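Participant: Provide a 3D model corresponding to the input given below.
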Amino acid sequence: MAKRYERYEGYEGYEDDTVGDAGPGAPRGRALWVDQPAGRRRMPDPVRRSAVRAVLIVAVTLTDATIAFFLTVTGSWLALPLSLCAIAGVVVATWGVLDVLITRQTWNQRYGVLSEPSSTARGRRRERRRARREARSAPPLPPRIPVRGEATGIWPPQTGTGRG
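Facilitator: Residues are numbered from 1 along each chain as shown. Sure, this is the predicted structure:
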């Protein structure tokens with residue numbers, strides 16, 4: 001935040017400032033604002049649309065519930081219908097908030113994944129390729145000694161060997 005006002009340190013006043021297009025060589029006036037990069041990316045349009053809808057529904061529901069409360073306190077006949085509307089509003093507001101969550105999740109699943117492999121995935125893939133190359137270029141393993149009944153064509157093992 002300190003960077004925002006760095007340019008204006010020691011700024012005294014507006015006496016020699018010019019406003020508008022004063023021509024070449026004229027001293028430059030102080031900017032009205034300084035653009036700063038946003039901390040987050042902008043929400044996708046469908047998610048923003050459902051979020052605005054949910055905020056409006058929640059605001060109307062809270063207003064409705066507050067009015068219903070005050071009408072109940074005063075004992076007005078409008079308290080019952082407005083309380084029923086407030087209950088319905090809570091259901092609709094819950095739906096609105098869930099709509100935001102579902103829309104956001106759907107958007108992330110459809111469009112949120114970049115198809116570029118990360119640097120760790122690239123390194124692992126390189127290691128696997130190197131291991132495969134080394135395995136192909138290594139001399140073949142010596143033949144192993146077959147276990148009884150394996151690769152000798154004698155199966156099942158002969159009876160009377162003490163194994164059942």
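
Participant: Now residue 89. Nearest residue, chain neighbours left out?
Facilitator: For residue 89, the nearest residue in space outside its immediate sequence neighbours is residue 61; the separation is 3.5 Å by CB to CB, 6 or more residues apart in numbering. Using the backbone N, CA and C atoms, a C-beta is placed for each residue, glycine as well.

Participant: could you measure that neighbour against residue 93, distance?
Facilitator: Note on residue 61: its distance to residue 93, by CB to CB, to the nearest Å, is 5 Å.

Participant: hang on, the earlier thing: phi, psi for the residue nearest to residue 89 please.
Facilitator: With angles defined as degrees, to the nearest 10, residue 61 shows backbone torsions of phi -60, psi -40.

Participant: tell me the contacts of it?
Facilitator: Applying CB atoms under 8 Å, 6 or more residues apart in numbering, one finds that residue 61 lies in contact with 86, 89-90, 92-93.

Participant: Give me the helices and strands touching the lengthiest helix in the chain, please.
Facilitator: Using DSSP state H to define each element, the chain has its longest helix at helix 79-111. Under the contact criterion of 3 or more CB pairs under 8 Å, 6 or more residues apart in numbering; DSSP states H and E, helix 79-111 touches helix 45-74.
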